[in-house]
Structures are given as C-alpha cells and as structure tokens.
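Q: please work out how this folds:
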Amino acid sequence: MAITEPKVSCSIEFDSAGKHHGYLSVPHSRNDSGWGALHVPISVIGNGEGPTLGVSGGNHGDEDEGPIALMKLIQRLQPADIQGRVIVIPCLNYPAVMSGDRVSPIDGVNMNRAFPGRRDGSVSEMIAHFVYSKIIPLCDGWLDIHSGGKTMMFSPFVAYHRLEDRELTEKARLAATAAGGPISLELVELDSDGMLDTAVENAGKIFVGTELGGGGTTSTETVAVAEDTVMNLLAHFGLTENPPITREARGLAPTRHMHMPDPDCFTISEDAGLWEALTDLDAPVSKGQALGQIHFPQQPQTDPVVYTSRIDGTLIGRSHKVLVSPGDFLGLVALDL
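A: Residues are numbered from 1 along each chain as shown. Now for the predicted structure:
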C-alpha cells in the first residue's frame, strides 16, 4: 500500500482550544545537520465551534507585508476575540523569507507553483503537501497575502478568481469586497497550475489573495491594507461579531471594483534592455497608449522599442526593475466593473 501521510509533522494540535504556537517540522538532512529538520512557524487560535480561516504570508520570500501583518495578528488576537478557528502561517516559504528571495534558497522551488506538493519531494514540496493534505481540508476559506516583491509594483488590491464554478466565484467576490481594500479585482492568472490559490479552490473553498505594493519594501499603507484585510475577513466569515469595516467608515475612498477580461491586460517583454516607464500606476490608459519603452545599451544608437496598452483601462501593476529580459512582466491594465 502506498504511503500518503506527509513526512512533515506539526508540533501543535489544530483542534485544541486557546492560542498555540509551534512549527511544521520538515525533514532536511544537509551537510551541517545530518538528521536535521526545518521548522516553519505556525499558530492556531481557536474558541469553540465556528468557521476556520487559513491565513498565510511569505509564500514568496521577498513579499513582506504578509509576514509583518500576520506576526502582529498572532501577537494581538486572543481566543476570546473570535468564535471558531484561525490557522496562521506567517512565513509559508520560511527559507525564502529569511533570505529575502522570491523562491527557496534550499531547493530553488517557487512555493506558489509547488501545490499539491509531494510527501517525498523537496523541502518546498513537502511543505506544500502538508498544507494541501492536512490544513486546507480544515478551512472554510483562505487568505494568502502577496505583494510585488523585488521585481514588481502594484496598486494595492484584494483579488479573487473568475472560476468555472460561478457559485464559488460569487462567494469569493463577496469575501474580497468585504476585505475593504483600495481595489477589489476579479483576476485571471497567466499560469494557475501549482498555485496555493488553485489548491484551495479545487477543494471547493473560498480563496482571497492580495497584491500590495512591491519594490522590495513595505509602506504604512500596504501593511495597513494587509492588516485590515485580515480583520475584515475574520468578520466576513463570522469569526468576529462586528461586521467588516468599509473604507468609507475609515475616512478613505470607497473600494474600486475592477476586472481583467482577458490576457490582453498583461504586457510582457519581448526584448532585453533597460525599461523606461512612461505611465505611472493608477493612471488611466487608452488602447495604443505607450506604457514604457526598452532601450538597448549595447546599441545606444538604436531607437527604443515602445510597448503600448492593448486595452483601455487603468494601470495597476508594472515592472519595478529596469533591466528586463524577454518574458518579463512589464504592465497590468484593469477595467472598472
């Protein structure tokens, strides 16, 4: 009989009431520790019967709003504050967070392309396998906090996916709206295979994600959006008594509802060179308008190649890096719903 139980173990019980902090123990034999293991911190906060929300940050290690906001959540949220359970993994790809890199320095694996994982795989694949097989089944919904990392910049948005399952899409839309971000975006992924998002959705659970800023740093705004998103989703899923707090109630502009109708929303580089942005984030753009251009340092006499928007809309994402290669992300244009 094939062995299916994860090699990863967890130092705490998921069904224990109260506030518990522990770790996932991931086998990791290496030169400096022959019988070693990697410890990935995890917290469970529970109080009686009720819904369960899974929350993760650090899926990519250079996206820091999630780890910061979730460490603060763990410190302040008490069992008496909720009815139900919250499972929090502040740094899902812990090695990547600690090295400040998008992917794990141990195995070079992109955690958000590793699901459903493998019990006998690499470190990242074993973490993904445990989350997929042991944690996602416990949850009614999941929030995964992302940002642009070192290479991208985004107007902060809370996202849900347009799925073939329209009922699940609508539940996710309502959750993303309740999150109260600056933008609520119906998102179409360029590549959804292996994503945590897809694993949650394929299990029939509600998934909400974010993209918050980027450029290899955080801001007061992006961390605040992450924190507000978590608390509003706790309210939306019924773990807290008070309703979600709207942006208007916080004295902010109302949530802007946007969508991506097709892949024409993306602009992807076909050249190698130096990217010069010609349009700023949040600017309205027209079809054919220049978003930026690529210069060629080895042939400075050559005119730059101009990249234009293929649709009308608003620029909500762009490359943060200047040195680009063919296949690199350059821009994301979304439309109002």
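Q: all helices for the protein, in order.
A: Residue ranges of the helices in the chain, as given by DSSP state H, are 65-76, 94-99, 123-130, 166-178, 196-202, 220-236.
Q: which one of those helices is the most hemmed in?
A: helix 123-130 (a mean of 25; mean count of other Cβ atoms under 10 Å). Placement of C-beta: from N, CA and C, glycine included.
Q: pLDDT score for Met1?
A: On pLDDT, Met1 comes in at 47.
Q: and of the helices of the chain, who's closest to His295?
A: helix 220-236 (29.8 Å; Cβ to Cβ).
Q: quick one: contacts of that closest one?
A: Identification of contacts with helix 220-236 by Cβ atoms under 8 Å, 6 or more residues apart in numbering yields 53, 55, 57, 65-66, 68-70, 72-73, 82, 86, 141, 143, 145, 147, 156, 158, 174-175, 178-182, 208, 210, 212-213, 240, 242-245, 250.
Q: looking at the helices of the chain, which is nearest to Gly18?
A: Using Cβ to Cβ, the nearest of these to Gly18 is helix 65-76, at 13.2 Å.
Q: what helices or strands is the closest one leaning on?
A: strand 52-56, strand 84-89, strand 141-146, strand 206-214, helix 220-236 (3 or more Cβ pairs under 8 Å, 6 or more residues apart in numbering; DSSP states H and E).
Q: can you do 6 Å?
A: helix 220-236 (3 or more Cβ pairs under 6 Å, 6 or more residues apart in numbering; DSSP states H and E).
Q: what mean pLDDT does the helix it packs on get?
A: The average pLDDT within helix 220-236 is 98.
Q: same deal with stretch 242-256?
A: 95.
Q: how about the CA coordinates for that stretch, as CSV?
A: What follows is stretch 242-256, C-alpha atoms only, in CSV (Å, rounded to 0.1, in the frame of the first residue of the first chain):
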residue,chain,number,x,y,z
ASN,A,242,-18.8,43.1,14.3
PRO,A,243,-19.3,43.5,10.5
PRO,A,244,-16.4,44.3,8.2
ILE,A,245,-15.3,48.0,8.3
THR,A,246,-15.7,49.7,5.0
ARG,A,247,-13.1,52.1,3.6
GLU,A,248,-15.7,54.9,3.8
ALA,A,249,-16.0,54.3,7.6
ARG,A,250,-12.3,54.7,7.8
GLY,A,251,-12.4,58.0,6.0
LEU,A,252,-11.0,56.6,2.8
ALA,A,253,-12.1,56.5,-0.8
PRO,A,254,-14.5,53.6,-1.5
THR,A,255,-13.3,50.3,-2.9
ARG,A,256,-12.9,50.3,-6.6
